[in-house]
Structures are given as C-alpha cells and as structure tokens.
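# sequence and predicted structure are below.
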Amino acid sequence: MKSLKLTLAITLMSVFAIQAQENEEVQTQTQEVDASNPTNFYTQVNTLFEYTSRKDGTNLYGFRGNVIYTFDPNNLVLAEVPVLYNDATNKFGLSDIRLRYFTVVSRVMTAEKFSVIAPFVDVTLPTGSFEDGLGTSSFVISAGSVYGFAISQKVLMFPGLSVVHVTKPGTDLIPDELKASSTGFAAQANVSIRFNDKWFLFVNPILTMLNTDGDWNEQWTGEFNLNHMIVQNKLKANIGYYPNLTAEIHTLRLGATFFL
C-alpha cells in the first residue's frame with residue numbers, strides 16, 4: 001500500500017512536470033520573473049529539504065517537492081508531495097499530499113496603484129501513515145481569498161481569510177469517542193519585503209480558529225521565507241522557518257526553485 005501511494009505521488013508530480021516543460025518556451029519568451037509578488041504566477045518546480053522538531057522530542061527529516069503549473073497568468077494548480085523520516089518510529093515514507101488551485105479575478109498593477117484579488121481552494125490529503133508518525137489521517141479543506149495591496153514600492157501586503165474544515169481522523173489508533181471534525185477560519189497577513197532585484201522576504205503570521213464540538217481553539221503559526229534569485233528567470237534559492245507556536249513545532253526548510 002505504501003509503495004502504491006508513493007508511486008501515485010511520483011506519477012502525479014511527473015505529469016505536472018511534463019506539462020510544465022511543454023509550455024516552457026511560450027512562457028519564458030514573454031515573462032520577466034518577479035517572485036516577490038505571490039500573485040504573479042509562474043510554472044515552476046520547487047525542491048525543499050526540511051527538518052522538523054516537535055515538543056515531545058520527535059524529529060522529522062525529509063524532502064518536500066512541489067510543482068506549480070500555470071494555465072495562464074491568472075490560474076494555477078499546485079501539487080506538493082512530502083517524503084519524510086520520523087526518528088521516533090524509525091519510519092520513512094510519504095506524508096500528507098497537498099493540492100491547491102489559485103485564480104486571480106482582479107488585478108491592477110500600474111505605477112499609481114497595486115491591487116489584486118485572488119481566491120483559492122486548498123486540500124490536504126491523508127496520504128501519510130498516522131501509525132508511522134507521517135500523517136494526520138484527516139482531510140483538511142480550506143477556501144478563501146487573498147487581497148494584495150502596496151504599502152510602498154518595496155513592501156506589499158497580501159492579507160487573506162479562508163474557511164477551514166478538518167475531517168474526523170481515520171486512524172484506528174484514536175478511539176471513536178475521541179474523534180471529531182472541526183470547522184473554523186484562518187486569517188493571514190502575508191508581507192512581501194523586496195530588498196533589491198535579487199533578495200526578498202516573506203513574513204506571514206497566521207491565526208487559525210477551529211470549533212470542535214462547540215469549543216473554539218486557536219492556533220498561531222507563521223512563515224518566514226528569505227529568497228535569493230540566483231539566475232534571473234531560471235533559478236531561486238530560499239531558506240524558511242515555519243513555527244507552530246501553539247503546538248511548539250518548528251520546521252526549517254532549505255530549497256531551490258526552477259522556473260520553467
């Protein structure tokens with residue numbers, strides 16, 4: 001079963017990569033990559049090596065790959081496949097796969113004004129094994145929108161609001177009487193700081209509020225992602241810190257992005 005999941009994940013990424021290569025020539029002839037604006041859509045392959053430490057002493061190591069395919073300047077899909085090792089269970093394998101669709105419904109980018117509205121749908125699939133410490137055994141579905149505006153020429157903000165639903169865990173390790181689904185919302189305040197043509201930083205505090213059986217629980221997470229364009233229009237490197245302050249989980253990622 002694990003081999004089947006891994007094979008399906010690799011196949012999914014391969015399909016997106018092949019489609020991206022077929023559109024490489026058309027896209028690269030006309031576009032100048034400005035990845036400091038997350039509502040600029042580019043077909044790309046991202047490779048990330050990551051390390052996660054948890055409050056209970058568990059550590060996870062591994063690789064997270066994602067392919068972003070743009071149908072046109074206003075529509076993209078993302079497929080993200082993590083493969084991790086859990087040192088507490090000594091298990092290695094596929095974690096939870098993430099899929100996202102992003103579309104821009106309004107875009108004004110002139111010297112006088114910057115304004116973008118971009119709805120999205122995001123789904124996390126329970127493909128990782130809960131028993132092996134590699135997955136949650138729950139579907140996570142969110143839908144919302146991001147609104148982008150400029151504070152200055154070098155600082156852009158992309159606050160967003162979304163509805164979030166988490167299904168009951170599917171694992172047998174949790175008794176049925178303790179299983180519950182949750183519904184709520186998430187709010188983000190993503191800030192893009194452009195230092196120059198080569199360096200930019202994303203800072204994104206996120207508050208998630210979930211209602212489980214009438215009780216509201218908050219979760220504070222964040223994203224700090226420093227990026228460096230190595231080869232214009234082709235290659236970008238990045239290092240990121242992704243804390244979950246509520247659960248005391250800390251993740252570091254180091255990777256590269258290849259624009260196609």
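Great, that's in hand.
# pLDDT score assigned to the residue in the chain sticking out farthest from the centre?
Computed with CA atoms, centre = their mean, the residue of the chain farthest from its C-alpha average is Glu177, at 31.8 Å. Looking at Glu177, its pLDDT reads 92.
# surely it forms part of a strand?
No. The assignment for Glu177, made by DSSP: H, G, I helix; E, B strand; the rest coil, is helix rather than a strand.
# ok, it to Thr167 distance?
17 Å (CB to CB, to the nearest Å). To be clear about C-beta, it is placed using only N, CA and C from the backbone, and glycine gets the same treatment.
# swap in Ala79?
Ala79 sits 20 Å away from Thr167, going by CB to CB.
# mind listing the strands in this protein by residue range?
Assigned by DSSP state E, the strands in the chain fall at 44-53, 59-72, 75-86, 91-94, 97-103, 106-109, 114-125, 140-150, 155-166, 182-194, 199-212, 215-231, 235-244, 249-259.
# pick out the shakiest of those, pLDDT-wise.
The weakest mean pLDDT among the strands of the chain belongs to strand 106-109, with a mean of 94.
# that strand: how far from the chain's middle?
Offset of strand 106-109 from its chain centre (CA atoms, centre = their mean, to the nearest Å): 23 Å.
# mind giving me the packing neighbours of that strand?
strand 114-125 (3 or more CB pairs under 8 Å, 6 or more residues apart in numbering; DSSP states H and E).
# CA atoms only: put the strand it packs on into CSV for me.
What follows is strand 114-125, C-alpha atoms only, in CSV (Å, rounded to 0.1, in the frame of the first residue of the first chain):
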residue,chain,number,x,y,z
PHE,A,114,-1.4,48.0,-7.0
SER,A,115,-4.5,45.8,-6.2
VAL,A,116,-5.0,42.1,-6.6
ILE,A,117,-7.9,39.8,-5.5
ALA,A,118,-7.1,36.0,-5.7
PRO,A,119,-9.5,33.3,-4.4
PHE,A,120,-8.1,29.8,-3.7
VAL,A,121,-9.1,26.3,-2.7
ASP,A,122,-6.6,24.2,-0.7
VAL,A,123,-6.9,20.4,0.1
THR,A,124,-4.5,18.3,2.2
LEU,A,125,-5.0,14.5,1.7
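# surely Asn74 meets Arg107?
Yes. Using CB atoms under 8 Å, Asn74 is in contact with Arg107, at 7.3 Å.
# what distance separates stretch 85-104 from the centre of its chain?
11 Å.
# could you tell me the end-to-end distance of it?
End-to-end span of stretch 85-104 (CA to CA, to the nearest Å): 36 Å.
# ok, stretch 176-184 next?
Start-to-end, stretch 176-184 (CA to CA) is 22 Å.
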